[in-house]
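In: Let me see the structure of the following:
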Amino acid sequence: MKLQYFAPLLLCLFALRTSAVEPPTVVLRDLADAPREAQGEWIALAEHADLFLPEGEGAEAGSTATLTFHFHGASWWAAEEHLRRGARNPLVTFGGMQGSSAYRVPFEGTTLFEDLITSASAAMDRPVGPVELQSFSAGYGAIREILKTPEYVDRVEAVVLADSLYASFAVEGGGDDRAPAAHQMAPFIAFAEKAARGEKLMVVAFCEIFTPDYASTVDTARALVQAMDGRFEQVEPGSIPAADPKLANPLKFRFDQRGLHVWGYGGDDANAHMAMARTLAGYWRAVE
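Out: Have a look, this model is predicted:
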């Protein structure tokens with residue numbers, strides 16, 4: 001049978017697979033009284049960087065470790081989300097600063113990322129294999145620098161951004177379309193293209209907070225999808241639990257193409273921003 005007869009079937013199967021990925025419900029979880037269940041060993045690697053080895057990791061001697069990096073936010077919270085995700089691999093947290101430049105500068109034109117991998121490997125006495133990157137808010141500044149290096153991109157299997165992709169405007173004031181600066185988006189778009197081909201995994205979750213002086217997560221998500229020659233699908237209210245109209249932050253838009261998932265939620269205030277962060281484990285579980 002000729003290939004053209006298979007094409008509609010393949011497209012149908014692909015649509016079924018991508019639609020089967022159900023984005024998580026975003027709520028502002030109360031962490032004040034939540035039990036801290038992430039037990040394990042903490043090892044300082046460098047300034048602002050700590051390695052968390054979950055209790056009962058159960059690694060075999062000589063085995064290769066998947067290493068997850070988290071940028072921005074309290075280390076204890078990152079560890080809690082890591083275990084809530086269901087992950088038991090080692091985690092490096094890098095945080096404690098304010099503003100994206102505080103995360104960008106340490107990784108800009110340096111070998112810090114490679115050095116942290118080497119230090120983590122030595123502390124674990126195990127080689128590091130695949131790497132995962134995740135960030136909240138300003139932490140994207142570090143990820144953007146890491147993704148500029150092809151050798152690093154080869155090692156990175158997944159990127160998850162929790163309301164964490166901003167950029168300068170392409171033109172002063174934003175212009176009519178509030179387009180983000182192309183050179184700042186380029187590393188993320190290049191990785192998204194790999195994810196859209198099924199070579200990597202990328203989740204970009206965002207809410208509706210307006211930023212007057214720079215491109216918001218809405219603006220950058222729109223640019224990312226446009227770069228894939230794609231369009232957002234409007235999610236019918238109530239069609240899935242995440243789109244329940246009674247939620248403060250219902251799912252409104254989505255774009256899914258193989259390993260690339262871009263999900264837009266309602267909410268335009270600080271609570272919405274924090275709710276996006278507190279759903280970090282949910283984004284991972286949805287695609288894993």
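In: Worst mean pLDDT across the helices and strands of the protein, which element?
Out: Lowest on mean pLDDT, DSSP states H and E among the helices and strands of the chain sits helix 3-19, with a mean of 39.
In: Next SSE downstream of that helix?
Out: Counting by DSSP states H and E, the next helix or strand C-terminal to helix 3-19 is strand 40-46.
In: what packs against that next one?
Out: strand 49-54, helix 112-124 (3 or more CB pairs under 8 Å, 6 or more residues apart in numbering; DSSP states H and E). All C-beta atoms are positioned from the backbone trio N, CA, C, and that covers glycine.
In: and the ones you listed, which is most packed in?
Out: Each of the helices and strands packed on strand 40-46 was scored by mean neighbour count; the highest is strand 49-54, a mean of 20, by mean count of other CB atoms under 10 Å.
In: who's in contact with that strand?
Out: Contact with strand 49-54 is made by 38-45, 75, 78-79, 82-83, 87-94, 116, 119-120, 123-124, as judged by CB atoms under 8 Å, 6 or more residues apart in numbering.
In: ditto for stretch 37-48
Out: Contact with stretch 37-48 is made by 50-55, 57, 75-76, 79-80, 82-83, 92, 94-97, 106, 112, 115-116, 119-120, 123, as judged by CB under 8 Å, 6+ apart.
In: what are the ranges of the strands in this protein?
Out: Taking DSSP state E as the test, the strands found in the chain are 40-46, 49-54, 65-71, 91-94, 128-136, 156-162, 201-206, 233-234, 251-257, 260-265.
In: Listing partners with orientation, what would you give for the fifth one?
Out: Based on DSSP bridges, the pairing partners of strand 128-136 within the sheet are strand 65-71 (parallel), strand 156-162 (parallel).
In: which residues sit against that strand?
Out: With CB under 8 Å, 6+ apart as the test, strand 128-136 has contacts from 64-73, 103, 117, 120-121, 142-143, 146, 152, 155-164, 276-277, 280, 284.
In: Now with 6 Å, please.
Out: Residues from elsewhere that reach strand 128-136 (CB atoms under 6 Å, 6 or more residues apart in numbering): 64-73, 117, 121, 143, 155-162, 164, 277.
In: what do you get for the fourth one?
Out: If you take CB under 6 Å, 6+ apart as the criterion, strand 91-94 is touched by 48-52, 68-71, 75, 78, 82, 120.
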